[in-house]
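K.L.:
pasting the sequence and the predicted model now:
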Amino acid sequence: LDKLKVVKLRPGVYHGGGILPWHERNCSVLTPSVFSDSGWCRRKIQGEEMMHVLDVPEDMISDLSSSQRRTLCADCRMIPLKVIMMVVDAIPMKEGDNPLKKTKQAASTLHGEEKIEAVVKVTVS
């Protein structure tokens, strides 16, 4: 691909060289493979790969339990962390404000109060 973009090849299947739509958590990608006669394979994005799609930093992925990873990967309301950080940065902050409170405010707005703990942990580290 010349330009990064979402390239939908068929329902639920995307080009592996493009951008994965973060709202489709159960999709497949078509990606190059040296093990296939055609040179391509179709496979699901799973586990740690999905955490990377959601922009979770590598050192934070290892701090999350497998249950937390599954929950975050399956929740289509989980917005990639780069997007959350842009929202957090846009919230005006006065001198003396607590950045953790600011992050929780943004995360609860985006995800609902009950879903924010792992997001806040990853975001403020």
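P.N.:
Looks like it arrived, so ask away.

K.L.:
read off the pLDDT value for the residue positioned nearest the centre of the chain.
P.N.:
For the chain, the residue sitting closest to the mean C-alpha position, by Cα atoms, centre = their mean, is Leu54 at 1.1 Å. You'll see Leu54 listed with a pLDDT of 80.

K.L.:
swap in the one 10 residues further on?
P.N.:
Note for Leu64: predicted pLDDT of 85.

K.L.:
Leu9 versus that one, what's the distance?
P.N.:
Counting by Cβ to Cβ, to the nearest Å, the gap from Leu64 to Leu9 is 31 Å. Where you see a C-beta, it was placed from the backbone N, CA and C, and this is true even at glycine.

K.L.:
more neighbours: which of the two?
P.N.:
Neighbour count, other Cβ atoms under 10 Å: between Leu64 and Leu9, Leu64 has more, with 17 against 14.

K.L.:
state whether that one is indeed within a strand.
P.N.:
No - with DSSP: H, G, I helix; E, B strand; the rest coil as the criterion, Leu64 is assigned coil and is not in a strand.

K.L.:
where do the strands sit along the chain?
P.N.:
8-10, 13-15, 28-32, 40-44 (DSSP state E).

K.L.:
so what strands line up beside the first one?
P.N.:
For strand 8-10, the paired strands and their directions (DSSP bridges) read strand 13-15 (antiparallel).

K.L.:
neighbouring contacts of the strand it pairs with?
P.N.:
1, 6-9, 20-21, 24, 27-30, 42 (Cβ atoms under 8 Å, 6 or more residues apart in numbering).

K.L.:
for it, buried residues please.
P.N.:
Buried positions in strand 13-15, judged by neighbour count with 16 or more other Cβ atoms under 10 Å: 14-15.

K.L.:
and that strand, how far from the chain's centre?
P.N.:
17 Å (Cα atoms, centre = their mean, to the nearest Å).
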